[in-house]
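> Model the structure of this input:
(chains A and B)
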Number of protein chains: 2
Amino acid sequence: MEKEATLLEDLLGLIKDKNEAALHDLIERLKTEDLVYAYNRFSKDDQASLINLLSPEDAATLLERIPQNQAVEAIENAEVETAASILNELYSDDQVDILAELDSTDAEAILDEMLPAEAENVRRLIQYDPESAGGLMVTEYLAFESDMTVGQTVKHLQEKAEEYEDYHVQYIYVTNNNRFAGVLQMRDLLLSRPNTKLSSIVIRNAFSMPPEASLEDLISFFDKYDFFGVPIVDGEDQLLGIVLRKDLREAESERSNLELLETQGIVGGEELRSMPVLLRSKRRLSWLSVNILLNIIAASVIAFYQDTLEEVIALAVFLPVISDMSGCSGNQAVAVSLRELSLGLVKPYELARVLWQEVKVGLINGTVLGILIGIAAYIYMGNAYLGLVVGGALAINTVVAVSIGGTIPLFLKKMNTDPALASGPILTTITDMLGFFLALTFAGAAMNYLV
Amino acid sequence: MEKEATLLEDLLGLIKDKNEAALHDLIERLKTEDLVYAYNRFSKDDQASLINLLSPEDAATLLERIPQNQAVEAIENAEVETAASILNELYSDDQVDILAELDSTDAEAILDEMLPAEAENVRRLIQYDPESAGGLMVTEYLAFESDMTVGQTVKHLQEKAEEYEDYHVQYIYVTNNNRFAGVLQMRDLLLSRPNTKLSSIVIRNAFSMPPEASLEDLISFFDKYDFFGVPIVDGEDQLLGIVLRKDLREAESERSNLELLETQGIVGGEELRSMPVLLRSKRRLSWLSVNILLNIIAASVIAFYQDTLEEVIALAVFLPVISDMSGCSGNQAVAVSLRELSLGLVKPYELARVLWQEVKVGLINGTVLGILIGIAAYIYMGNAYLGLVVGGALAINTVVAVSIGGTIPLFLKKMNTDPALASGPILTTITDMLGFFLALTFAGAAMNYLV
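This is a model prediction of the structure:
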């Protein structure tokens, strides 16, 4: 507790004093998690002051480490010149991610101030879908023409050692009249004689991917092969960039985090408490207000059977239990399907197989839960028939809930709708309606034994 | 649809024909996702036959690509000799992950059949916590004594080129009388004269981590530094292994996936539909049966106010809506807190700050949802007071739900309990009880206007 409070104070003190040197030293030494935590706790003004005080290199390092929406906000709030000089220091994929989120006029103003080569690069990259190979690739890579010798290549690398220091790449790409020809590992250079031509040691049947390749394609590729990166090559064999394994893992991990938030009803999958209250409210409400409508529709089944309920008022205790437990059982099945979809273990059209696998679990769990609630109803109200009515309704409804829960994500995926966001509300609406209907019609049929 | 069906048929045909050569070719060519999908669809017998027919190298490649619990099952079902020869081919971290899941007698039998050096290595590694640096490290790395020259090192690398081919590592570690002395990049070798001693080019203040370092420590390290791996060194400066960035990302992504499943009530965070039905049922039921108890307790509030409900039976329609909507609002806040905890943006003791941030959202969303349900109740039942009762109860309950939802994960984390699994049930029990209580006491107070 004390550590974080002290850190916040130290940082704020240095910002107030405009002590650029000490800030540089402190930020170099901080662990990412502490820096991210501190930045997140600052007021908007302190965040802007910090960004202004840092050198473009340090500011770029900071932006690479905080969540992306905060990085976008920092660039939005900075002067155009400051923003441009920070962006010059970022890797091409981060440049694009940030600029793509800005208003197009803001983005244009910053691009005009950036180094012309960097700006041109961004303008080219920003056209790709951010979850495609084109959107994930970086353009910081090493490529040499195939008629160069090992000696020339090593000499070039030695001369430019400083410039290349930040490059992640462990491969050297070889081109032939600017067309992608293959790949070399650093150690291939090491183990060859200086006068060898690159063309004679290049691995020619190297893998490459088109810029349109999807996140799934890339995940599959890196699962299969132990490479650090894959070259992205267009239809005319031009080398466009490389996708690095590390960037891919980040994209993948980001996506499963967003899925977690979406399942719980955060539209867009992203909310940080540092966002404005109204924005947070709005995003949550957009899902809640659809949900309350569905809920009221579902509950109107109860109104329809109001006479039955009036005679067996004890049933009112168990209706919310049936609704909630069916939702829980169904959502377990939804979660398993989302996971299996993302692992590629199930295809969207395999509704029948998943249905059968869920029906089996539903029969067991429905029986157990039905007996539990039945006993509770019997003990509570002293009427075994009430136990049968409530238990029977929950048992049947559980089978239906897991069947729908297991299959609805597949169905939504097939319809190209987002299964994480929509599965829950659809599921609970159907199971609420059916649960209320079953309990109240069973009660109506058994009325003579209940009152 | 046809593609996968054909693939399954082809593979099964080759398995039945015991056509080892064709199987090898087909598996080499398959994308990971297709292979994983197909394996997952096989019967247990066909899975075992496939593992038996493959060469140890191919079987190892397959096991590295399927989910871990399936890999464990494959090894369990194989003959001891087959299992041992497959395990010999795996990376040390995968060897340990699989053997740690087996019965200790089964594991011992396999270890006795493995290559002695590999077995000894596993026995050492298996002692580490799987989510610590020791549990995540691999022991396939290159290390040379610091008094060797660049020329000697390159010669050694050339001679052993084939053996080292599979090594991920892009660094060379330097030891001094077996103590960790620093690190070299491949390109440092490339750019130095052959008679240079490693001691004169080694980067001495290289980062290292102890085997006890946690997953969080490692994530923070790799977020901060652009390295491919970090050496793991014990208190006596012995180099034990290296943790690779790629393995860390896999561990991290795995963890956020498990969190998604736990939030939805899959205890242990892992279920694949290829698991036995009874196991799947049991895991889901262990959470559901606690939940149904909590639900019945919460619903007993309704029984307590049965007289009120009998007089205003229309309220029975809205009780499940209040219960469900409060749960939804609260779970949104739970999801945001889980996300902020895992990003390190909030510390477990910051209950007050989170509470305040949620109360603000709760006031807005509670007002909106309260008005919506109030209008619905008014239109439906033609009684404005009923609208006030229902709307007021939901409005207040929403504020409480988001307050509890935002803070309960922090509280559970502070108590060292798993917030993903327990937050939901605790939340909904409290909000159900309060929601029913509010609606029914408000109704009791306004009874004269309601009937």
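> Just give the closest residue to the residue in the stretch 101-250 of chain A that chain B sits nearest to, not the sequence neighbours.
Residue nearest to chain B within the stretch 101-250 of chain A: A:Arg249 (3.4 Å; Cβ to the nearest Cβ). Placement of C-beta: from N, CA and C, glycine included. Nearest residue to A:Arg249, sequence neighbours excluded (Cβ to Cβ, 6 or more residues apart in numbering or on different chains): B:Arg249, at 3.4 Å.
> Could you say which helix or strand holds the residue of the stretch 101-250 of chain A closest to chain B?
Assigned by DSSP states H and E, A:Arg249 falls within helix A:245-263.
> okay, stretch A:362-379 in CSV with CA atoms only?
The C-alpha trace of stretch A:362-379 is given here as CSV (Å, rounded to 0.1, in the frame of the first residue of the first chain):
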residue,chain,number,x,y,z
GLY,A,362,-28.4,-31.6,-19.0
LEU,A,363,-30.2,-34.9,-18.2
ILE,A,364,-27.8,-35.6,-15.3
ASN,A,365,-27.6,-32.0,-14.0
GLY,A,366,-31.3,-31.4,-14.5
THR,A,367,-32.2,-34.5,-12.5
VAL,A,368,-29.8,-33.5,-9.6
LEU,A,369,-31.0,-29.9,-9.5
GLY,A,370,-34.6,-30.8,-9.9
ILE,A,371,-34.4,-33.2,-6.9
LEU,A,372,-32.6,-30.5,-4.8
ILE,A,373,-35.1,-27.8,-5.5
GLY,A,374,-38.0,-30.3,-5.2
ILE,A,375,-36.8,-31.4,-1.7
ALA,A,376,-36.4,-27.7,-0.7
ALA,A,377,-40.0,-27.0,-1.9
TYR,A,378,-41.4,-30.0,-0.1
ILE,A,379,-39.6,-29.1,3.2
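> which residues of the stretch 251-400 of chain A fall in helices?
A:277-304, A:306-311, A:315-343, A:351-381, A:384-414 (DSSP state H, counting those that start in this stretch).
> looking at those helices, which is buried most?
Across the helices of the stretch 251-400 of chain A, the average number of neighbours (mean count of other Cβ atoms under 10 Å in any protein chain shown) peaks for helix A:315-343, which reaches a mean of 27.
> What is the distance between that helix and the centre of its chain?
Between the centre of helix A:315-343 and the centre of its chain there are 23 Å (Cα atoms, centre = their mean, to the nearest Å).
> now do stretch A:31-39
Put simply, stretch A:31-39 sits 21 Å off its chain's centre (Cα atoms, centre = their mean).
> quick one, phi psi at A:Gly265?
phi 90, psi 30 (degrees, to the nearest 10).
> In contact with the closest residue to it other than its chain neighbours: list those residues for me.
Leaving aside its chain neighbours, A:Gly265 sits nearest to A:Trp287 (4.2 Å; criterion: Cβ to Cβ, 6+ apart). Contact partners of A:Trp287, counting by Cβ atoms under 8 Å, 6 or more residues apart in numbering or on different chains, are A:Gly265, A:Ile266, A:Val267, A:Leu421, A:Pro425, B:Cys328, B:Gln332.
> What's the per-residue pLDDT of the last one here?
So that's B:Gln332. We have a pLDDT of 89 for B:Gln332.
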